[in-house]
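Enquirer: need a structure here:
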Amino acid sequence: MAKETRSKDYPKLKNYQPSRFMLPASHYDKAIDGIIASIMTLNRCLRN
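Expert: Numbering: from 1, shown residues only. Here you go, the predicted structure:
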């Protein structure tokens, strides 16, 4: 099992329901989701 590397006071989303495929220590980070979406958009723009 993966070792928890975050501090105990690390903020987590209140209403987040993890899928059955995620580790118990996993969490959703909306900021990272936005960064990934921006990178994907940039990648699509550069291919055209």
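Enquirer: contacts, neighbours, all on C-alpha from now
Expert: Fine.
Enquirer: Please enumerate the strands of the protein.
Expert: Listed in chain order, the strands of the chain (DSSP state E) amount to none at all.
Enquirer: So, low pLDDT: which residues of it?
Expert: Scanning the chain with the threshold set as pLDDT under 70 gives 1-2, 4, 16, 18, 48.
Enquirer: Can you show me the helices along it?
Expert: Secondary structure of the chain by DSSP state H: the helices cover 30-47.
Enquirer: For residue 36, the count of nearby residues, please.
Expert: Counted by other C-alpha atoms under 10 Å, the residues lying close to residue 36 total 12.
Enquirer: if I look at it, how far off is residue 5?
Expert: Using C-alpha to C-alpha, to the nearest Å, one gets 22 Å for the distance from residue 36 to residue 5.
Enquirer: again, but for residue 20
Expert: Counting by C-alpha to C-alpha, the separation of residue 20 from residue 5 is 21 Å.
Enquirer: Could you check how many residues crowd around residue 43?
Expert: Residues lying near residue 43 (other C-alpha under 10 Å) number 11.
Enquirer: same question, the one 3 residues further on
Expert: Applying the criterion other C-alpha under 10 Å, we find 8 residues in the vicinity of residue 46.
Enquirer: Next: residue 33.
Expert: By the measure other C-alpha under 10 Å, the count of residues near residue 33 is 10.
Enquirer: Then residue 23?
Expert: Other residues within reach of residue 23 by the criterion other C-alpha under 10 Å amount to 11.
Enquirer: go on, residue 37?
Expert: 12.
Enquirer: who's in contact with it?
Expert: When the contact criterion is C-alpha atoms under 8 Å, 6 or more residues apart in numbering, residue 37 has no partners at all.
Enquirer: what about 10 Å?
Expert: If you count contacts by C-alpha atoms under 10 Å, 6 or more residues apart in numbering, residue 37 has them with 31, 43.
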